[in-house]
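Asker: Have a look at this fold, sequence not included:
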């Protein structure tokens, strides 16, 4: 363990004051010089070795990726408005500078995390957000993102952290989990995808709730990792300056262009399904199902949408 500077500096000061020699007066110097000449020949002064001139750090060549259109949803500046309860299952499609992939999420695995992620995607929080931490060496670990490109948005979400869910699934390759920090640990807006079997994170309280679907990991594996930990070590600067800092200092980072709930845009408007028909939004489906249940004469078990309505509200 390296000694603390706080402890070392006083010790050096004490040594300097106790062992140092007072500067001699001119008369004392003359006496010493005469004595030295009478006993031995003066030693030549050693020649100082020239030091190489440090090479100034040149700006990274090329241009950064983006910028891409960012969301203007009012909830970005007011986290309390992003309080919808997620469906039991939902999927999210990510368009990135390395390609597209999707994740399938299960609320039962981590309800509070699933609600938070659902709302962040719904309001467009992850649009034009950098994948700033990609760790592949010495062994594959994670790809992480979630610091907003606008520092004003980041500041609004700093105090909206949520206590973690109990761990029900394992951090295997391809699972998505919220990053956590602080004491006690809480999560905010940053998520990561596991590159390998990181089940040791289970015991640390990291609760996965989504899984990359299909061959999506082929895209996730392409995220630029050349900066190792240099970008993630500057989270304070990212929070204060946002994408302006990242695009100036770390130009090769990959970005999330858009993140969308499959079947609905961030505002909940129906979007086209693969066959061209309109797909109802999650909120519309829940409303229609609730009305059908209320008007039914025969008794029946509650529908999935009714259960969601009665479920706990998403954390703020």
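Answerer: Great, that's in hand. Values in this document were obtained by computation on a predicted structure and should not be read as measured data.

Asker: you'd agree residue 220 is up against residue 143?
Answerer: Yes. Counting by CB atoms under 8 Å, residue 220 does reach residue 143; the two are 5.8 Å apart. C-betas here are computed from N, CA, C, even on glycine.

Asker: what touches both of those two?
Answerer: By the contact definition CB atoms under 8 Å, 6 or more residues apart in numbering, residue 220 and residue 143 are jointly contacted by 193, 195.

Asker: which residues in this protein form helices?
Answerer: Read by DSSP state H, the chain holds these helices, from start to end of the chain: 5-19, 26-39, 111-122, 151-157, 217-220, 235-241, 243-249, 282-295, 304-310.

Asker: Would you mind listing where the protein has pLDDT under the threshold?
Answerer: Along the chain, the model assigns pLDDT under 70 to residues 1-59, 264-316.

Asker: Swap in 80 and give it another go.
Answerer: 1-61, 264-316 (pLDDT under 80).

Asker: mind listing the strands for it?
Answerer: Taking DSSP state E as the test, the strands found in the chain are 89-96, 99-106, 129-130, 133-134, 142-145, 175-181, 186-194, 210-212, 255-261, 271-272, 278-279.

Asker: Let me have these in JSON lines, extended by distance to residue 63.
Answerer: As requested, the strands of the chain are exported to JSON lines (distance: least, CB to CB, whole Å):
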{"stretch": "strand 89-96", "distance to residue 63": "17"}
{"stretch": "strand 99-106", "distance to residue 63": "19"}
{"stretch": "strand 129-130", "distance to residue 63": "15"}
{"stretch": "strand 133-134", "distance to residue 63": "20"}
{"stretch": "strand 142-145", "distance to residue 63": "20"}
{"stretch": "strand 175-181", "distance to residue 63": "29"}
{"stretch": "strand 186-194", "distance to residue 63": "26"}
{"stretch": "strand 210-212", "distance to residue 63": "29"}
{"stretch": "strand 255-261", "distance to residue 63": "13"}
{"stretch": "strand 271-272", "distance to residue 63": "32"}
{"stretch": "strand 278-279", "distance to residue 63": "37"}
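
Asker: So residue 116 is in contact with residue 191, correct?
Answerer: No. Between residue 116 and residue 191 there is no contact under CB under 8 Å: 9.4 Å.

Asker: so what sits against both of those two?
Answerer: residue 178.

Asker: quick one, which of these two is more surrounded?
Answerer: Relative neighbour count places residue 116 above the other of residue 116 and residue 191, with 27 against 24, counting by other CB atoms under 10 Å.

Asker: Give the closest residue to the more buried one in space, chain neighbours not counted.
Answerer: Closest residue to residue 116 apart from its sequence neighbours, by CB to CB, 6 or more residues apart in numbering: residue 162 at 5.8 Å.

Asker: try residue 250
Answerer: Excluding the flanking residues, the one nearest residue 250 by CB to CB, 6+ apart is residue 231, at 4.8 Å.

Asker: Would you mind measuring from the one you found to residue 131?
Answerer: The gap separating residue 231 from residue 131 is 9 Å, by CB to CB, to the nearest Å.

Asker: Quick check: neighbours shared by these two?
Answerer: residue 253.

Asker: follow-up on the earlier one: and the gap between the residue nearest to residue 116 and residue 134?
Answerer: Per CB to CB, residue 162 is found 25 Å from residue 134.

Asker: More neighbours: these two, which one.
Answerer: Per other CB under 10 Å, whichever of residue 162 and residue 134 has more neighbours is residue 134, with 28 against 17.

Asker: what residues are up against that one?
Answerer: By CB under 8 Å, 6+ apart, the contact list for residue 134 reads 142-144, 223-225, 227, 254.

Asker: Using TSV, please lay out the residues you listed together with distance to residue 195 and neighbour count.
Answerer: Putting the contacts of residue 134 into TSV (distance: CB to CB, whole Å; neighbours: other CB atoms under 10 Å) gives the following:
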residue	distance to residue 195	neighbour count
142	6	19
143	7	25
144	11	20
223	9	22
224	14	19
225	9	20
227	16	17
254	14	23
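
Asker: Could you give the number of residues near the nearest residue to residue 124 once chain neighbours are set aside?
Answerer: Sequence neighbours aside, residue 71 is the residue nearest to residue 124 in space, at 2.6 Å (criterion: CB to CB, 6+ apart). By other CB under 10 Å, 21 other residues sit near residue 71.
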